[in-house]
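A.B. asks: Just the structure for this:
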Amino acid sequence: MSDTPVPILMYHSVATAPNDATRELSVAPEAFAEQLALLGDLDFTPVNTADLAASWRSGKPLPERPVLITFDDGYEGVHRHALPALAQHGFAATLFVSTGWIRGAHDTGGGLDTMLDWDQVRELAGTDVEIGGHSHTHPQLDQLDDDSLRAELVRCREIVADELGAVPVSFAYPYGYSSRRVRHAVREAGFAQALAVGNDLARRRQGPYALRRVTVRRSTGVEEFARLVEGRAIARNFARDRALTQGYAMVRRARQVRRKASRSRV
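C.D. replies: This is a model prediction of the structure:
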């Protein structure tokens with residue numbers, strides 16, 4: 001079975017004037033449109049997350065030069081700016097929603113900028129956009145106890161199912177980080193596949209619950225974007241990110257050791 005690497009692009013906000021909280025991980029609408037045009041020029045075929053995972057499970061071939069376009073959190077600009085561009089090119093995508101950030105009955109007020117409402121999410125789902133889960137309140141999942149972790153995952157899945165009439169099958173980890181316990185909980189909650197970050201191309205051998213993505217930022221120029229989707233010089237582009245991630249992982253492990261030690265003394 002082929003283990004050809006596939007670029008999975010991770011977007012957040014698509015906005016003309018993002019706020020400070022989302023600026024770095026936002027993309028200007030003009031840049032997003034240019035990036036989609038480049039994917040077309042390079043003969044990439046966008047597929048959604050469920051289709052990629054199903055293909056890798058079954059051995060069914062993917063289209064030539066597959067690519068995934070994914071959005072995290074649920075910012076309003078995905079509907080306002082990204083949807084028309086996706087429709088123009090006939091491209092599939094996946095949107096991972098933090099259900100407590102979507103405007104409406106379940107809103108916890110935690111959204112970082114103007115968020116989608118459920119009517120907009122339904123409109124996206126009615127096009128070629130898969131809707132996946134991204135937890136309920138966007139916490140650091142590995143820092144939660146077992147009950148809170150399960151509640152975040154199950155509540156997210158149930159709300160999406162209730163609002164859209166279809167159970168989500170794909171998940172993306174908030175902050176891109178997961179642990180073995182978190183991955184097991186995501187599987188137990190009923191999600192069939194999950195995306196991390198990792199800033200690398202996705203490969204079947206990574207497993208369905210740890211597929212890697214490449215971050216697209218406001219600073220990503222079109223030449224850099226071309227290198228990313230072609231899998232060229234990714235390690236150099238994200239060297240600083242990798243160093244920060246490794247350092248952060250050490251901090252997280254230290255926190256977990258302290259918590260376990262504290263519990264054992266009680």
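A.B. asks: now the strands: where do they sit in the chain?
C.D. replies: In the chain, the strands defined using DSSP state E lie at 8-11, 13-14, 26-27, 45-47, 66-73, 93-97, 129-133, 170-172, 193-198, 211-215.
A.B. asks: Which neighbouring elements make contact with the longest one?
C.D. replies: So that's strand 66-73. Contacts defined by 3 or more Cβ pairs under 8 Å, 6 or more residues apart in numbering; DSSP states H and E place strand 66-73 against strand 8-11, strand 45-47, helix 49-58, strand 93-97. Every C-beta, even on glycine, is put in place using the N, C-alpha and C of the backbone.
A.B. asks: so what strands line up beside that strand?
C.D. replies: Here strand 66-73 is paired, per DSSP bridges, with strand 8-11 (parallel), strand 45-47 (parallel), strand 93-97 (parallel).
A.B. asks: nearest to residue 183, of these?
C.D. replies: strand 93-97 (15.7 Å; Cβ to Cβ).
A.B. asks: wait, what's in contact with residue 116?
C.D. replies: Residue 116 makes contact with 74, 75, 76, 78, 79, 97, 102, 103, 124, according to Cβ atoms under 8 Å, 6 or more residues apart in numbering.
A.B. asks: Please flag which of those sit within helices.
C.D. replies: Among the contacts of residue 116, the members falling in helices (DSSP state H) are residue 124.
A.B. asks: List only those of the contacts of residue 116 flagged as buried.
C.D. replies: Buried members of the contacts of residue 116, counted by 16 or more other Cβ atoms under 10 Å: 74, 75, 76, 78, 79, 97, 102, 103, 124.
A.B. asks: could I get the residues you listed as JSON lines with distance to residue 176 and pLDDT?
C.D. replies: Output for the buried ones among the contacts of residue 116, formatted as JSON lines (distance: Cβ to Cβ, whole Å; pLDDT from 0 to 100):
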{"residue": "74", "distance to residue 176": "16", "pLDDT": "98"}
{"residue": "75", "distance to residue 176": "17", "pLDDT": "98"}
{"residue": "76", "distance to residue 176": "22", "pLDDT": "98"}
{"residue": "78", "distance to residue 176": "18", "pLDDT": "98"}
{"residue": "79", "distance to residue 176": "23", "pLDDT": "98"}
{"residue": "97", "distance to residue 176": "16", "pLDDT": "98"}
{"residue": "102", "distance to residue 176": "20", "pLDDT": "98"}
{"residue": "103", "distance to residue 176": "24", "pLDDT": "98"}
{"residue": "124", "distance to residue 176": "22", "pLDDT": "98"}
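A.B. asks: which one among those gets closest to residue 184?
C.D. replies: Nearest to residue 184 among those: residue 97, at 22.3 Å, using Cβ to Cβ.
A.B. asks: Can you pull the phi/psi pair for the closest residue to that closest one other than its chain neighbours?
C.D. replies: In space, and not counting its chain neighbours, residue 97 is closest to residue 74: 4.2 Å by Cβ to Cβ, 6 or more residues apart in numbering. Note on residue 74: its backbone torsions stand at phi 110, psi 50 [degrees, to the nearest 10].
A.B. asks: Please look at residue 74 and residue 133 and confirm they touch.
C.D. replies: No: counting by Cβ atoms under 8 Å, residue 74 does not reach residue 133; the two are 10.8 Å apart.
A.B. asks: Next, show the common contact partners of those two.
C.D. replies: Counting by Cβ under 8 Å, 6+ apart, the residues touching both residue 74 and residue 133 are 96, 97.
A.B. asks: what's the neighbour count on the closest residue to residue 69 other than its chain neighbours?
C.D. replies: Among residues not flanking residue 69 along the chain, residue 93 sits closest, at 4.2 Å (Cβ to Cβ, 6+ apart). Using other Cβ atoms under 10 Å, residue 93 is surrounded by 24 other residues.
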